[in-house]
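Novice: Provided below are the primary sequence and the corresponding predicted coordinates.
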Amino acid sequence: MAETAPTDNGCMASRATPLPSLDERLAAAKARYAELTKLKMLEKLEAEIKEIEGQLDGYTPAPNDDSILPDIDTPVRRKHSEEEPLTDEEPPTVELQPEKLNLYYGKSVQEHREWTRSAENAFSLALRKFKQDITKIAWTAQFLRAIPTTTWQNIAAGESNDYT
């Protein structure tokens, strides 16, 4: 018996089959890419279809990731309990607080106009605080330093003397 040297069939086979050309490899890669892209698009569409069907059934499927969705079936908490009657009171909100007014001495018409504008601005900033006129009067009275009637009478008397 004649002994033959062992041969490596793997090496021989690879050398026997020619490697694909660059163009063939590129075409195969493009085909594989197109196939994977279509597969990815198909999976995405199927997931959207399941989600839409779940919404139609009133069921939301669990997300694939670990994020937590809010519980849609949780009843809405009421602002007031049913035992308490609803009132006409407005809910508490934070509103701007007016600055203190400048002291008013009643020396000139310009000072009166500026002080009145400042008071009106304060009233517009805090509508809830100054709902009634009596509240407005009480708040502004603390900034008066002159007796308005005598002050204006003195001004009127001074003006009338100027014209005579």
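Specialist: Okay, I see it.
Novice: Tell me how this structure divides into domains.
Specialist: 22-63, 109-163 (automatic domain parsing).
Novice: any idea which of these scores lowest on pLDDT?
Specialist: When these are ranked by mean pLDDT, domain 109-163 comes last with a mean of 77.
Novice: show me where the protein has helices.
Specialist: Taking DSSP state H, the helices of the chain run over residues 9-16, 22-57, 109-125, 133-141, 148-163.
Novice: can you redo these as JSON lines with distance to N102 and mean neighbour count?
Specialist: Quick note: C-beta positions are derived from backbone N, CA and C, even for glycine. As requested, the helices of the chain are exported to JSON lines (distance: least, CB to CB, whole Å; neighbours: other CB atoms under 10 Å):
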{"stretch": "helix 9-16", "distance to N102": "99", "mean neighbour count": "9"}
{"stretch": "helix 22-57", "distance to N102": "62", "mean neighbour count": "10"}
{"stretch": "helix 109-125", "distance to N102": "6", "mean neighbour count": "14"}
{"stretch": "helix 133-141", "distance to N102": "11", "mean neighbour count": "12"}
{"stretch": "helix 148-163", "distance to N102": "15", "mean neighbour count": "10"}
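Novice: can I get those helices in TSV with distance to L96?
Specialist: Output for the helices of the chain, formatted as TSV (distance: least, CB to CB, whole Å):
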stretch	distance to L96
helix 9-16	84
helix 22-57	44
helix 109-125	4
helix 133-141	15
helix 148-163	28
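Novice: nearest to Q97, of these?
Specialist: Smallest distance to Q97 across the helices of the chain (CB to CB): 7.6 Å, for helix 109-125.
Novice: what's the angle between that closest one and helix 133-141?
Specialist: Using axes from the mean of the first three to the mean of the last three CA atoms, to 10 degrees, the direction of helix 109-125 lies 130 degrees away from that of helix 133-141.
Novice: And the contacts of helix 109-125?
Specialist: Applying CB atoms under 8 Å, 6 or more residues apart in numbering, the external contacts of helix 109-125 come out as 95-99, 101-102, 104-106, 130, 136, 139-140, 143.
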